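Chemist: any chance you could fold what I've pasted below:
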Amino acid sequence: MPPKTLSAPLVSVLMPTFKHAPFIHRAVESLLAQRFADWELVIVDDGSPDDTAAALAPLLAADSRLRYIRRERNGGLGAALNDATAAARGRYLAYLPSDDLFYPDHLQRLADLLESRPDASLAFGGLRYQYQKFGPAPGVAEGEEVDPRKLRLVQVMHRRGHEAELPWPTRAERESDAIEGEQWARLAELGAVVYGGAISCEWVDHLEQRTKLVATHLGGLSRYRGFYGLERGEWLNWQPTHGPRVDERRRYGRFAVERALPQGDGLTILVVGELGFNPERLMALEERGHRLAALWVPRPEIWDTAGPLPYGNILSIPYDGAWKDRVRELRPDVIYGLLNWQAVALIDEVLGAGLGIPAVFHFKEGPFICHERGLWPALVRVLRRSVGHVFIDAEMRDWFRLALGDMFDPATTMLLDGDLPKADWFTDEWAPKLSAQDGQIHTVCPGRPLGIDGPADLARNGIHIHFYGEHFQQWFPNWTRSGVDAGYLHLHPTVEHDQWVRELSQYDAAWLHVFDSRNGGDLRRAMWDDLNLPARLGTYAAAGLPWIMRDNRASAVAMQRIADEIGAAVAFHTYEDLAAQLRDRPLLDQRTANMRAARMDFAFDTHADELIALFRRAIAR
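Modeler: From the prediction side, this is the model:
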């Protein structure tokens, strides 16, 4: 039995845990197996909804060195570590996340290092990770110098004394997969960082690992919010090292308005699926007195939006064994199924559940991906079971008519881009054009530079590109690097919605996806690019920017047709042709004026009443 003593231990091991009941016994057992015994374990259960407490009960009863603290609501890793640090009594702090484990010599090695090296602020052990990889840190081979920012929580032991000036950041301050490394980098400024010289712990790889939820294609903001049970009013400053970033309070705080809904003859609308980009658009329906509830896709993509949302008054219905009963209790007037191929399976399940609720299906993309992923039968069922249909453009509607016959009644069919932003971002804060100041051509791309050839080709024609978004720059490193080297590519951080007009209107024109259509006017030959309306259209419209695209007028291409209808296309064959058009100031001024005149057509609010009218017609049928 371990010694029972009231004196402070040499090492306090901090264990933040959330929904890790299947993992936690293995983690604690690895601590109990340590050759070094002068430790305490401070467990902070960050509001786990599973049987974590029951899993810990026999362990707590058997060893007085284990202490258990429970938070009633999940507060995030930073908050849990701050609580654990405040409760810790040891001279040194070590960390054992409840899904990781120590090898028997881990604490002894690191404690001996700190005891023998008074100049050291931090010691770390070597790591096993991704099941069968080994090294001083992920991606670092033995013998290589280790950047402290690469160290994982389970590896580290450090001295006390700097908690007040170095607290862990909370979610509202900054939620990132980098907070651990940033903490070690700050500690490294206070003293030496020393390596234990051997693999002494394991960073366990699994699908719901926090790092995966924050900064890989398996996670993302919406999946993180769902996993940790964040609700309305719980804001994140979401700053992953990879992927889209957003300070939720800054971007969406204006929509945090309490409303008693429905109002007057307002509808109760059950949203089923996901929202893609610009999710705040649904607030336009709330503002018109309609009550919203939602059944969200359980695993949205990293770029996608599903709830629960921190703003608005949308009731999120858990997708569990009781969802049908909850929907029946809600008694919605209409189901609004949307948006991308990722939602098709869920919408199919809901519409096939025999709820007796009329449905309107709004489909943004994916007929070809539905073929590829075996979802085409489900997509056809959804279309047939829906009373109303919303397609993003005429080309998409007509493609489906060719595929399925004339099953879409004009009275209950509508055209509406699926990702339109809310009108709040369409300000009149126009900026002077950069080209008027230096006489050069300045274009902008606040999204993926799809189809844009090497920036060196643009540089030869004197065309500058201003490329926005750190995560896009990460996704296209070679393109970005070559463009910067050519001197005509300029990198900018992500532009926030409330700065779209002020920041982006200084440019001459904006890049859409660049591709050569091959359909020759026959939609049977169409590819997705022919049917697609990129989500950035609303951003460009708000800023009054003409659209740069390949000249595809010989084919049926949705974005080409719309740009020509409003007179905002800068359609080119060669970069020399593009440069000539962008230097034609009277022509470019006219296209800019045309885009500004038409821009409110690209705000969701403009179409909200028409969408509600479609819902009412679907209900009546």
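Chemist: from now on I want contacts and neighbour counts done on CA atoms only, so please keep to that.
Modeler: OK.
Chemist: where along the stretch 251-400 of the chain do the helices fall?
Modeler: In the stretch 251-400 of the chain, the helices defined using DSSP state H, counting those that start in this stretch lie at 283-287, 323-330, 344-351, 367-372, 376-385, 394-404.
Chemist: can you list contacts of the shortest one?
Modeler: Put plainly, it is helix 283-287. Helix 283-287 is touched from outside by Phe255, Leu261, Arg291, Leu292, Gly312, Asn313, Lys422, Phe604, Asp605, Ala608, with contacts defined as Cα atoms under 8 Å, 6 or more residues apart in numbering.
Chemist: one more: stretch 130-150?
Modeler: By Cα under 8 Å, 6+ apart, the list of residues contacting stretch 130-150 from outside reads 125-129, 151-152, 178, 180-185, 188, 193, 195, 198-199, 203-205.
Chemist: just how off-centre is that stretch within its chain?
Modeler: On the basis of Cα atoms, centre = their mean, to the nearest Å, stretch 130-150 is displaced by 28 Å from the centre of the chain it belongs to.
Chemist: can you check the distance spanned by it, start to finish?
Modeler: For stretch 130-150, the first-to-last residue distance is 15 Å (Cα to Cα, to the nearest Å).
Chemist: buried set for it?
Modeler: Phe134, Gly135, Pro136, Ala137, Pro138, Val140, Val146, Pro148, Arg149, Lys150 (16 or more other Cα atoms under 10 Å).
Chemist: what about these, which are in helices?
Modeler: Of these, none are assigned to helices by DSSP state H.
Chemist: adding distance to Ala593, write these out as JSON lines.
Modeler: Output for the buried residues of stretch 130-150, formatted as JSON lines (distance: Cα to Cα, whole Å):
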{"residue": "Phe134", "distance to Ala593": "60"}
{"residue": "Gly135", "distance to Ala593": "59"}
{"residue": "Pro136", "distance to Ala593": "59"}
{"residue": "Ala137", "distance to Ala593": "55"}
{"residue": "Pro138", "distance to Ala593": "53"}
{"residue": "Val140", "distance to Ala593": "55"}
{"residue": "Val146", "distance to Ala593": "55"}
{"residue": "Pro148", "distance to Ala593": "53"}
{"residue": "Arg149", "distance to Ala593": "49"}
{"residue": "Lys150", "distance to Ala593": "50"}
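Chemist: out of those residues, who's nearest Pro167?
Modeler: Arg149 (16.4 Å; Cα to Cα).
Chemist: which stretches of the stretch 101-250 of the chain form strands?
Modeler: For the stretch 101-250 of the chain, applying DSSP state E, counting those that start in this stretch gives strands covering 101-102, 120-129, 133-135, 156-159, 192-203, 237-238, 246-247.
Chemist: distance to Leu14 and mean pLDDT added to the ones you listed, as TSV?
Modeler: Shown next, in TSV, are the strands of the stretch 101-250 of the chain (distance: least, Cα to Cα, whole Å; pLDDT from 0 to 100):
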stretch	distance to Leu14	mean pLDDT
strand 101-102	12	98
strand 120-129	15	97
strand 133-135	23	96
strand 156-159	10	98
strand 192-203	15	97
strand 237-238	24	95
strand 246-247	29	95
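Chemist: any stretches of the protein with poor pLDDT?
Modeler: Residue ranges of the chain with pLDDT under 70: 1-6.
Chemist: show me which positions of stretch 366-384 end up buried.
Modeler: Residues of stretch 366-384 classed as buried: Gly366, Pro367, Cys370, Leu375, Trp376, Ala378, Leu379, Val380, Arg381, Val382, Leu383 (neighbour count, 16+ other Cα under 10 Å).
Chemist: next: stretch 180-197.
Modeler: In stretch 180-197, the ones that count as buried by 16+ other Cα under 10 Å are 180-185, 187-188, 192-196.
Chemist: OK, contacts around the nearest residue to Ala423 once chain neighbours are set aside?
Modeler: Nearest residue to Ala423 in three dimensions, chain neighbours excluded: Ala603, at 5.0 Å (Cα to Cα, 6 or more residues apart in numbering). Neighbouring residues of Ala603 by Cα under 8 Å, 6+ apart: Leu420, Pro421, Lys422, Ala423, Phe426, Gly538.
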